[in-house]
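**Student:** Compute the structure for the input listed below.
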Amino acid sequence: MQVKQKIYTPEEYLSLEETAEFRSEYWNGEIVPMTGGSFDHNTLFVNFCALLKFASRSKDFTVRAGDMRVWIPRYRLYVYPDVYVIQGQPIFQENRKDVVLNPKLIIEILSKSTQDYDKTDKFRYYRSIPEFQEYLLVNQYERYIEHHTKTDDGWVLREYELDSAIIHLSSIGVEIAISDIYEGVTFESELGTAITSENSEE
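**Tutor:** Down below sits the predicted model:
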């Protein structure tokens, strides 16, 4: 006999989240546990927070990361973007101070288990947010970033692979160097080369 999956209301989900030992997202009635990030994922996360926080000192935007939910009403989703930026004042969900509605820039650091979702369905869900203008998909396994920008004619994709490249975040008027984003990240291919070199020296 097939067990019927329990469907939760948004209110039930939010109540459970207040006492939960780990974070979960809410997908139209389903509660989905989030997996932990790798060391390099965390390095990229910290780098983005530091770079954007420094850039925000003289600008009217707020950086939020990791543990602050975004509600996407059209698709009935509560999600935790890795990093996002709000222009001006945050718009909170009614009667909540821990759920926002108006991210302008969203950054997702890709993992092998979530990258397909982040690039397809999740991006579609994000695009239903009126204020949403810019999306960065950051690969933690190689130096590669997909940069989606909203224009009058639709969304435009730019790709970055060179360490010397500069990303212009037009939605918030900030430029960030790829070398600064990936500072402290050791890719698997580079790690293998380093181990081989050490063994050769022995």
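
**Student:** Please, where are all the helices along this protein?
**Tutor:** Using DSSP state H, the helices assigned to the chain run over residues 10-17, 39-55, 115-119, 121-126, 178-181, 188-201.

**Student:** Contacts for the fifth one next, please.
**Tutor:** I take that to be helix 178-181. By Cβ atoms under 8 Å, 6 or more residues apart in numbering, the surrounding residues in contact with helix 178-181 are 44, 47-48, 51, 138, 143, 145, 160, 162-167. C-beta: built from backbone N, CA, C; applies to glycine.

**Student:** List the buried residues in that helix.
**Tutor:** Within helix 178-181, the residues that qualify as buried are 178, 181, counting by 16 or more other Cβ atoms under 10 Å.

**Student:** tally of neighbours for Glu18?
**Tutor:** Around Glu18 sit 7 other residues, with neighbours defined as other Cβ atoms under 10 Å.

**Student:** Also the one 3 residues further on?
**Tutor:** A count of nearby residues for Glu21, using other Cβ under 10 Å, gives 4.

**Student:** Over to Asn102?
**Tutor:** Counted with other Cβ under 10 Å, the burial measure for Asn102 works out to 17 neighbours.

**Student:** so what pLDDT did it get?
**Tutor:** Looking at Asn102, its pLDDT is 98.

**Student:** Which residues are in contact with it?
**Tutor:** Contacts of Asn102 were listed using Cβ under 8 Å, 6+ apart, and they are 86-87, 90-91, 129-131.

**Student:** cutoff 7 Å now
**Tutor:** Taking Cβ atoms under 7 Å, 6 or more residues apart in numbering as the definition of contact, the neighbours of Asn102 are 86, 90-91, 131.

**Student:** From Phe123, how far out is the one residue sitting closest to the centre of the chain?
**Tutor:** For the chain, the residue nearest the mean C-alpha position is Glu108 (2.5 Å; Cα atoms, centre = their mean). Distance check for Glu108 against Phe123: by Cβ to Cβ, to the nearest Å, it reads 9 Å.

**Student:** pLDDT below threshold where in this structure?
**Tutor:** Counting by pLDDT under 70, the chain contains low-confidence residues at 1-4, 189-202.

**Student:** Any idea what His148 is bridged to?
**Tutor:** Tyr135, Leu157 (DSSP bridges).

**Student:** I'd like to know how many residues surround it.
**Tutor:** If you count neighbours by other Cβ under 10 Å, His148 ends up with 19.

**Student:** for Lys104, same thing?
**Tutor:** Applying other Cβ under 10 Å, I find that Lys104 has 20 neighbouring residues.

**Student:** Same question for Ile172.
**Tutor:** Close neighbours of Ile172, defined as other Cβ under 10 Å, add up to 19.

**Student:** Can you mark which positions in stretch 120-128 are buried?
**Tutor:** Judged by neighbour count using 16+ other Cβ under 10 Å, the buried positions of stretch 120-128 are 122-123, 125-126.

**Student:** ok, of these, which one's closest to Leu14?
**Tutor:** Tyr125 (18.4 Å; Cβ to Cβ).
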